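Colleague: Give me coordinates for this.
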Amino acid sequence: MERGGAIYILTNKLNTTLYIGVTSNLPKRLFEHQNGIFPNSFVSKYNLKKIIYYESFHSIEEAIGREKQLKGWTRKKKNELIATMNPNWIDLTNEIMSW
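Modeller: Numbers count the residues shown, from 1 in each chain. Coordinates of the predicted model:
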């Protein structure tokens, strides 16, 4: 049985740092990041709590492949991708948590 997955991009208040992650449960993972469940992580170190982009996939394997692809992109290309879904870089937390 395949499990779905998602990739997501987090940033900080000033939009200066990006983090790309993958998960099988985006609302749960977002809650964990925003509530400091991983205190020694890159996300905690740079206070990355604002979700600005995500994509859903039918399988976790597809999501992992997309995560690897995006991590190889330049910052400019990532910014352009984010702008396709969220041109004002607003926090999408409420959208994700209402799933």
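
Colleague: Now do the helices in the protein.
Modeller: All helices of the chain, identified by DSSP state H, fall at 26-34, 42-45, 60-71, 75-85, 93-97.

Colleague: Those helices: which one's closest to Tyr53?
Modeller: helix 75-85 (4.7 Å; C-beta to C-beta). Glycine gets a C-beta too; all of them are placed from N, C-alpha and C.

Colleague: what packs against that closest one?
Modeller: Packed against helix 75-85, as judged by 3 or more C-beta pairs under 8 Å, 6 or more residues apart in numbering; DSSP states H and E, are the following elements: strand 18-23, strand 50-57.

Colleague: Can you check which of these gets nearest to Asn94?
Modeller: Among the helices and strands packed on helix 75-85, strand 50-57 comes nearest to Asn94, with 10.0 Å by C-beta to C-beta.

Colleague: okay if I get the helices and strands packed on helix 75-85 as CSV plus mean neighbour count and distance to Glu67?
Modeller: Shown next, in CSV, are the helices and strands packed on helix 75-85 (neighbours: other C-beta atoms under 10 Å; distance: least, C-beta to C-beta, whole Å):
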stretch, mean neighbour count, distance to Glu67
strand 18-23, 20, 4
strand 50-57, 20, 10
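
Colleague: and Leu70, which of those is closest to it?
Modeller: Judging these by C-beta to C-beta, what sits closest to Leu70 is strand 18-23, at 5.1 Å.

Colleague: which residues make contact with that closest one from outside it?
Modeller: Strand 18-23 has contacts (C-beta atoms under 8 Å, 6 or more residues apart in numbering) with 5-11, 29, 33, 42-43, 46, 48, 60, 63-64, 66-67, 70-71, 75, 78.
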